[in-house]
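1. Requesting a structural model of the entry that follows:
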Amino acid sequence: MVSMILKMSAVTGVNILLTYVLWRFVKDKKMTIWLRILLGVIYGGCAVLSTHFGVNYNTMMLNVRDLAPLTAGLFFDPVAGVIAGFIGGIERYIAGTYYGVGSYTRIACSISTCLSGVLAALLNIYIFKKKKPSAVYAYFLGSTMEVFHMYVVLITHRSDMNMAYYVVKICAGPMIIFTGIGLAMTSLMIRIMSGEWHKPAHSKKTEDIPVSQRFQFWLFVVTTFILIFNLIFGYVIQTQTAVQNSKNVLAASIKNINGNYGRINGTVVDISDITIKVGSSGKYEIYTEDGEIVYGDHVGEKVDESIISKAKDVPSGETFTADVLGTKSLCMTRELHDGNTILVSMPLEEVYEDRNHKTYETVMADIILFTVIYLLISMLVQNIVVSNIQLVNKSLNKITNGNLDEEVSVYSSSEFASLSEDINHTVTVLKSYIEAAEHRIEQELEFARNIQESALPHNFTFPRNDFELYAAMDPAKEVGGDFYDFFLIDSNKLCLVIADVSGKGIPAALFMMRSKTAIRSFAETGITPGEIFEKANNTLCEGNDANMFVTVWMGILNLDTGHMICANAGHEFPVLERAGGDYEYYKQKHNMALGVMEGSHYREYELDITPGDRLLVYTDGIPEAINEKEEEYGLDRLLDVINANKESSQENLIKYIRQDIWAFVGTADQFDDVTMLGIRYIGKDADFEAVE
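-> Modelled structure (predicted):
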């Protein structure tokens, strides 16, 4: 026994080691037809070697031939499994038919090996969906395949059942166990190597367990319980039947012996020459009161005292169990007219032989039937329930991700049809609510846009001719976070402001209104830009839970002298053109944006503007505008467009810039608000022609 276990373990280990090497070789390779054939030939060769180099045990040759095609089909490729199965199966039939290698079981072994490859291929495709089965499933499949192997041995030898049962009795246990262990260890090894194995102690949450897995678990538990109960019940019934049948045989044997034993015309009949059978291997003895056997199979010997004692305690015609001359047997006795006693016995092995044979066959048939039903029901649940649930979830994922035009169309049953209709109806109602809400929001945003536009100055005509000014804002959404402003602080001081609030939409628009109001209110007091920024910054920091901020450029221009005091709170550099020259970026050090840190101080810088000079300020939505190729508009392009149209009026210059931006962006979405403010200083006494 120990030697057999060690040898079978070694053979199984060689198969696992080969799979380890092959898996390392093919795991990252594309499964071509030639690779499939190669794997099929290799594992087919393993099946052939297993036929010729089996393990000798009690005159039987044990092997794990079916392990090779199962491994090829389940863990590598279905085609490889079929090829391996047919190579091993056909060679097994040839070896048994023409070379006398296991000729008694050649048909059963050939069928089992061929079917192993086919079954592995079908399971790979339809049950496991090209995924690797767990170690538990692998053990179950490997063991069941060997059960089928043994069952075919019984089916193909109905005329010689005693020999067939002997073969199954010797081979079934080792081959079933080691084939199952080999496939389970292979599964565990490959799942670890591919990173799919999870520690058994790591229990999944209920919501993470697929419904198919829960169904299969309870199907396995319930079906196993039913089969075990049926087996036990059948075993008890068959045991009672076997005892009753044997009792009838023993009673008939006693009657037969008694009929041939007695006195005819006063002469004692000698029955020693009469052939009397008790079953197929039972015995009869006629013994005297002191236990000496006078007729039967053991004349001259003595019956054990325990038998004599039991015979006296048990009523005539009833059976009892006793050790008859070294053999555990079912016995029956009857006292004869001359005082002797007839003892008929049948070995318990014969009594329960039919029961044991039927139990073997029933267990194997039940396991095979259970496996077929389990796999079919699992496949039906997968195709009818799980697959449709996955289709519904796929559509629901699209719907929840915003695609409300997606329609659930699973009508494989009344339940799924009802579910599909309910979901589609819900989406239709939801779309109507969304459309109504969008319409209401559009109206409110339109109202907000009108309010925001009305807050920006749009009158670019002043009752004076010492400067020319124009501005424009194009929000990225219905409302924006950019703003511009210009106003006279007194008769000769013009305040210019352009700003960009962090973010977009309604929050940016609200913060923009707050920033614009604060800056203008402080500017109208007559203080300098640096002081205006300090006060506005402290105001905006109060209650700024959303941590919003605004970048601002401000310049206060003395229209009499052209002297301008400026401050830049993190904003883009202005573009300045001296009369007769080109526009260039005027770069000064930035201050911190407003609303970031309370108590911040802001530097100013001075700029002297001469008649004919032009100044353009803008927000970062221009250089950061992106086209379909995700290319940025950039500062260089902006400067080129400005200089190409520098002789235009401020209004036309800004229009040309906007046209170039939209031509560059094309069909891409507007990334940010686009705002510009341009001024041309003419001076009080200058005489310049009007610019078109």
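2. Enumerate every residue touching the residue nearest the centre of the chain.
-> Residue closest to the mean C-alpha point of the chain, counted by C-alpha atoms, centre = their mean, is Pro210 at 9.0 Å. With contacts defined as C-beta atoms under 8 Å, 6 or more residues apart in numbering, Pro210 is in contact with Val386. For glycine as for every other residue, the C-beta is placed from the backbone atoms N, C-alpha and C.
3. now it: how far from Asp620?
-> 50 Å (C-beta to C-beta, to the nearest Å).
4. Asn58 too?
-> On the measure of C-beta to C-beta, Asn58 and Asp620 end up 89 Å apart.
5. try Tyr43
-> 66 Å.
6. Tell me the buried residues in stretch 663-675?
-> 664-665, 670-675 (16 or more other C-beta atoms under 10 Å).
7. And stretch 297-304, by the same measure?
-> Quick answer for stretch 297-304 (16+ other C-beta under 10 Å): 302-303.
8. Can you give me the end-to-end span of it?
-> End-to-end span of stretch 297-304 (C-alpha to C-alpha, to the nearest Å): 15 Å.
9. correct me, but Val363 touches Ile232?
-> No - with contact defined as C-beta atoms under 8 Å, Val363 and Ile232 do not form a contacting pair (11.2 Å).
10. Who has more neighbours out of these two?
-> Each of Val363 and Ile232 has its neighbours counted (other C-beta atoms under 10 Å); Val363 has more, 18 against 10.
11. Return the set of buried residues in the helix or strand encompassing the more buried one.
-> For Val363, the host element (DSSP states H and E) is helix 353-380. If you call a residue buried by 16+ other C-beta under 10 Å, then helix 353-380 has these buried ones: 353, 355-357, 359-364, 366-368, 370-371, 374-375, 378.
12. Past it, which element shows up next along the chain?
-> With DSSP H and E, the next secondary element past helix 353-380 is helix 387-400.
13. Stretch 475-483 spans what distance, first to last residue?
-> Counting by C-alpha to C-alpha, the terminal residues of stretch 475-483 are separated by 10 Å.
14. Oops, could you answer that again for stretch 468-481 instead?
-> OK, stretch 468-481 end separation, C-alpha to C-alpha: 26 Å.
15. Run the chain-centre distance for that stretch.
-> 50 Å (C-alpha atoms, centre = their mean, to the nearest Å).
16. quick one: average pLDDT of that stretch?
-> Confidence over stretch 468-481 (mean pLDDT, whole number) is 82.
17. can you offset everything so residue one is 50?
-> Yes, from this point I'll number from 50; that puts the last item at stretch 517-530.
18. Now Ala169: closest residue in space that isn't a chain neighbour?
-> Gly122 (2.6 Å; C-beta to C-beta, 6 or more residues apart in numbering).
19. what do you get for Phe535?
-> Sequence neighbours aside, Leu545 is the residue nearest to Phe535 in space, at 5.2 Å (criterion: C-beta to C-beta, 6+ apart).
20. Correct me if wrong: the one you found contacts Ile728.
-> Yes - taking contacts as C-beta under 8 Å, Leu545 lies within contact range of Ile728: 6.5 Å.
21. residues shared between the contacts of the two?
-> In contact with both Leu545 and Ile728: 606, 664, using C-beta under 8 Å, 6+ apart.
22. dump the residue contacts of the residue nearest to Phe535.
-> 534-535, 603-606, 664, 666, 726, 728.
23. Of the residues you listed, which pair is most distant in space?
-> Using C-beta to C-beta, the two most remote members of the contacts of Leu545 are Asp534 and Leu664, lying 15.2 Å apart.
24. which one of these two has more residues nearby?
-> More neighbours surround Leu664 than the other of Asp534 and Leu664, with 24 against 19 (other C-beta under 10 Å).
25. The more buried one contacts Arg627, doesn't it?
-> No - contact criterion C-beta under 8 Å: Leu664 and Arg627 do not qualify, at 10.3 Å.
26. And the strands in the stretch 600-741 of the chain, which stretches?
-> Here the stretch 600-741 of the chain has its strands, by DSSP state E, counting those that start in this stretch, at 612-618, 624-626, 632-634, 654-657, 663-667, 723-730.
27. Which of the ones you listed sits closest to Ser358?
-> Per C-beta to C-beta, nearest to Ser358 of the strands of the stretch 600-741 of the chain: strand 723-730, 116.4 Å.
28. what angle do the closest one and strand 663-667 make?
-> 160 degrees (axes from the mean of the first three to the mean of the last three C-alpha atoms, to 10 degrees).
29. Could you spell out the sheet neighbours of strand 723-730, each with its direction?
-> Applying DSSP bridges to the sheet, strand 723-730 is found paired with strand 516-523 (antiparallel), strand 663-667 (antiparallel).
30. how close does the residue nearest to the centre of the chain get to Val457?
-> 20 Å.
31. Next, count neighbours for Ile286.
-> 11.
32. Does the helix holding Val412 pack against any helices or strands, and if so which?
-> The elements that helix 402-429 packs onto, with contact taken as 3 or more C-beta pairs under 8 Å, 6 or more residues apart in numbering; DSSP states H and E, are helix 184-204, helix 210-242, helix 260-308.
33. hey, C-alpha coordinates of the first one in PDB?
-> It refers to helix 184-204. Taking Å, rounded to 0.1, in the frame of the first residue of the first chain, the C-alpha atoms of helix 184-204 are listed here in PDB:
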ATOM      1  CA  ALA A 184      -8.900  23.600  -7.100                       C
ATOM      2  CA  VAL A 185     -12.200  22.300  -5.700                       C
ATOM      3  CA  TYR A 186     -13.900  22.100  -9.100                       C
ATOM      4  CA  ALA A 187     -10.700  20.600 -10.600                       C
ATOM      5  CA  TYR A 188     -10.700  17.800  -8.000                       C
ATOM      6  CA  PHE A 189     -14.300  17.100  -8.400                       C
ATOM      7  CA  LEU A 190     -14.000  16.900 -12.200                       C
ATOM      8  CA  GLY A 191     -10.900  14.600 -12.100                       C
ATOM      9  CA  SER A 192     -12.500  12.300  -9.600                       C
ATOM     10  CA  THR A 193     -15.700  12.100 -11.500                       C
ATOM     11  CA  MET A 194     -13.900  11.300 -14.700                       C
ATOM     12  CA  GLU A 195     -12.300   8.300 -13.000                       C
ATOM     13  CA  VAL A 196     -15.600   7.200 -11.600                       C
ATOM     14  CA  PHE A 197     -17.000   7.200 -15.100                       C
ATOM     15  CA  HIS A 198     -13.900   5.100 -16.100                       C
ATOM     16  CA  MET A 199     -14.700   2.500 -13.500                       C
ATOM     17  CA  TYR A 200     -18.400   2.600 -14.400                       C
ATOM     18  CA  VAL A 201     -17.700   1.800 -18.000                       C
ATOM     19  CA  VAL A 202     -15.700  -1.200 -16.800                       C
ATOM     20  CA  LEU A 203     -18.800  -2.500 -15.100                       C
ATOM     21  CA  ILE A 204     -21.000  -1.800 -18.100                       C
END
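34. What are the buried residues along that helix?
-> Of all the residues in helix 184-204, those buried under the rule 16+ other C-beta under 10 Å are 184, 186-203.
35. what's the answer for the second one, then?
-> Of the residues in helix 210-242, 213-214, 216-217, 220-221, 223-240 count as buried by neighbour count, 16+ other C-beta under 10 Å.
36. what are the phi and psi angles of Leu479?
-> phi -60, psi -40 (degrees, to the nearest 10).
37. In this structure it contacts Ile472, no?
-> No - under the criterion of C-beta under 8 Å, Leu479 makes no contact with Ile472, lying 10.2 Å away.
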